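Visitor: Starting from these lines, generate the structure:
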Amino acid sequence: MATALAYEQFDSIPDGDCDARIRDAKARLGKRLVILGHHYQRDEVYRHADFTGDSLKLSRLAASSDADYIVFCGVHFMAEVADILSRPEQVSILPDLSAGCSMADMANYTAVQRAWKELGALFDPDSRVTPITYINSSADLKAFCGNHGGLVCTSSNAARVLEWAYKQREKVLFFPDQHLGRNTAYRMGIPLEDMAEWDFNQPRGGLSREQIEKAKILLWKGFCSVHQMFKPQHIDAFRKNHPEGKVISHPECSFEVCQKSDYVGSTEFIIRTIEQSAPGSRWLVGTELNLVNRLAEQGRAQNKIVEFMSPTVCMCSTMFRIDPQHLLWTLENLVAGRVVNQIKVAPAEAEAARLALKRMLDVSP
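Guide: Next up is the predicted model:
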C-alpha cells in the first residue's frame, strides 16, 4: 500500500489550483470514482459532483454505479448510508471526518437505548411503540430501529412512514428531529395535544406516565441549528413588504414557521416548486443558504427573486468543512493508490440498519 499524502500539503493550496487538480484527478480515476454532492454543499465543491441531490437519493445512485470509490461531499451519516447501501467491494469516503451533523449528534445510541428502557418500565415498548429515525442519524440508530420493528424516514416520505408505523403499533418514538415529526404528524391530523416532547437530558424524557400514555408520538428534543434560525417574524416582515410573494420552508423548521408558510416540503420539493413557478415570482425560502443562493442564481434568467429567510447568514457549518482542499487530498491519494477517510459500518450494524432502510423503501419506493 502506498504511503498516504499528508493533508498538510494541501490545506494552503488556492481554490483555483485545487479546481484544476481535482479535474485532473477525476480524469485519471475515470469510472472507478463517483463524487456525490449534497444540495447544501459549497459551490466550489458542488461543481465537481457527478450526482447531486439529497442524501438518500445520492446513496442509491452511487450504489447502482460501477464505481469502486464513492466520495461523499456531505456529512458523516450520509457516507454511512452510502456504505450500508453499496456493494461490499465499493469504498465509501468522507473527505473530512469532522463533517458531522449537530442534529444527528443530539440522538445517540446510549440515550435512545435509555429512553427505550424507561418506556419499558411503564409497558412493553416493542408491542406498543414503533421507533422511527430520520435519515439524518447515525448508523447505530438505524440499526436500533431495524432491531425493534422500526424504520427510517426522510423529509419527503415521513408521512407515509408514519402511516405505516401506526398500522403496526399505537405509538411512535421519533428521533432526532422534533420539528419534522411534529410538522408531519400535525399535517396528518394528529393534534398537538397528542404529541409529547421527549427531553433526552431528563429522566423519562421529563414526562409523566399520563403524558406518555396519552401521546401518539414522542418527539425527541433535537433540531437542526440552521433551520432553527428561521422565525415567524421573518415571514411577517416579508409578507408586509411583498404581499404577492410566496413562502416555502423545509419541515425541519419550527411548527410556527411551517404554519405561516405557503408550502412545506423536502429539499427536492423546494427546488422543484421554485423551478416550476411562474417567471417574475418572488420567494422567501427557509432552508440552507448555499441551496438558496443557488436557486436565486438559477432563477435570475426568469426574473425570479429568491430570498433567504433569515437576516442572519447561516449555513450548515459542518457541511462547509468539505472544501476543495480536502476533496483534492482525497482524490490525489486515490490516484496514488491510497484510501483515506473510509467510512465503514460494522457488518451486524449495517445489516440491521439495512433492514430499517428496506422497510422505508418498501413503504415509499
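Visitor: contacts and neighbour counts: CA atoms only from here.
Guide: Noted.
Visitor: can you list the residues that contact the worst-scoring helix or strand of the chain on mean pLDDT?
Guide: Lowest mean confidence among the helices and strands of the chain (mean pLDDT, DSSP states H and E): helix 55-63, at a mean of 76. Contacts to helix 55-63, defined as Cα atoms under 8 Å, 6 or more residues apart in numbering, come from residues 34, 36-38, 51-52, 70, 74, 78-79, 81-82, 85-87, 135, 154.
Visitor: Mind listing what's buried along it?
Guide: Judged by neighbour count (16 or more other Cα atoms under 10 Å), helix 55-63 contains these buried residues: Ser55, Leu56, Leu58, Ser59, Leu61, Ala62, Ala63.
Visitor: Same check on stretch 77-90?
Guide: Residues of stretch 77-90 classed as buried under the neighbour-count rule (16+ other Cα under 10 Å) are Phe77, Met78, Ala79, Glu80, Val81, Ala82, Asp83, Ile84, Leu85, Ser86, Gln90.
Visitor: Run through who's touching that stretch.
Guide: Outside stretch 77-90, the residues that reach it (Cα under 8 Å, 6+ apart) are 55-56, 58-60, 62-64, 67-70, 72, 91-94, 100-101, 104, 135-139, 343-345, 350-351, 353-354.
Visitor: again, 6 Å this time
Guide: Outside of stretch 77-90, the residues within contact range by Cα atoms under 6 Å, 6 or more residues apart in numbering are Ser55, Ser59, Ala63, Asp68, Tyr69, Phe72, Ser92, Ser138, Ala350.
Visitor: And for stretch 194-213?
Guide: If you take Cα under 6 Å, 6+ apart as the criterion, stretch 194-213 is touched by Glu118, Ala215, Lys216, Ile217, Leu218, Leu219, Trp220, Lys221.
Visitor: ok, of the residues you listed, which one's closest to Glu193?
Guide: Set against Glu193, the nearest of the contacts of stretch 194-213 by Cα to Cα is Ala215 (7.7 Å).
Visitor: And for the closest one, the neighbour number?
Guide: Residues lying near Ala215 (other Cα atoms under 10 Å) number 21.
Visitor: Now do the strands in the stretch 151-300 of the chain.
Guide: Assigned strands in the stretch 151-300 of the chain, in chain order: 151-153, 171-175, 195-198, 217-220, 246-249, 263-264, 282-286 (criterion: DSSP state E, counting those that start in this stretch).
Visitor: and the second one, how far from the chain's centre?
Guide: Taking Cα atoms, centre = their mean, to the nearest Å, the mean C-alpha location of strand 171-175 is offset from the chain mean by 18 Å.
Visitor: Can you tell me which helices and strands that strand packs against?
Guide: The contact analysis (3 or more Cα pairs under 6 Å, 6 or more residues apart in numbering; DSSP states H and E) places strand 171-175 against strand 129-134, strand 217-220.
Visitor: what residue ranges in this structure score low on pLDDT?
Guide: Confidence mapping of the chain against pLDDT under 70 gives the ranges 1-2, 100, 313-320, 365.
Visitor: Select the longest helix from it.
Guide: What stands out as the longest helix in the chain, according to DSSP state H, is helix 347-363.
Visitor: Identify the residues contacting it?
Guide: Under the contact criterion Cα under 6 Å, 6+ apart, helix 347-363 has outside partners Ile84, Lys142, Ala143, Gly146, Leu151, Val152.
Visitor: which non-adjacent residue is nearest the second one?
Guide: Distance criterion Cα to Cα, 6 or more residues apart in numbering; nearest residue to Lys142, sequence neighbours excluded, is Ala353 at 4.6 Å.
Visitor: Could you measure from the one you found over to Ser102?
Guide: Ala353 sits 21 Å away from Ser102, taking Cα to Cα, to the nearest Å as the criterion.
Visitor: Please identify which of the two sits among more neighbours.
Guide: Between Ala353 and Ser102, counted using other Cα under 10 Å, Ala353 has the larger neighbour count: 28 against 18.
Visitor: buried subset of the contacts of stretch 194-213?
Guide: When burial is judged by neighbour count using 16+ other Cα under 10 Å, the buried members of the contacts of stretch 194-213 are Ala215, Lys216, Ile217, Leu218, Leu219, Trp220, Lys221.
Visitor: Now do the SS call for Phe77.
Guide: Following DSSP: H, G, I helix; E, B strand; the rest coil, we place Phe77 in the helix state.
Visitor: when you give positions from now on, start the count at 720
Guide: Taking 720 as the first residue, the last one we looked at is Phe796.
Visitor: between the strands of the stretch 870-1019 of the chain, which gets nearest to Tyr828?
Guide: Nearest to Tyr828, of all the strands of the stretch 870-1019 of the chain, is strand 890-894, at 11.1 Å by Cα to Cα.
Visitor: Return the residue spatially closest to the residue positioned nearest the centre of the chain, with its sequence-adjacent residues excluded.
Guide: For the chain, the residue nearest the mean C-alpha position is Asn855 (4.3 Å; Cα atoms, centre = their mean). Spatially, and ignoring its direct neighbours in sequence, Asn855 is nearest to Ala823 (5.6 Å; Cα to Cα, 6+ apart).
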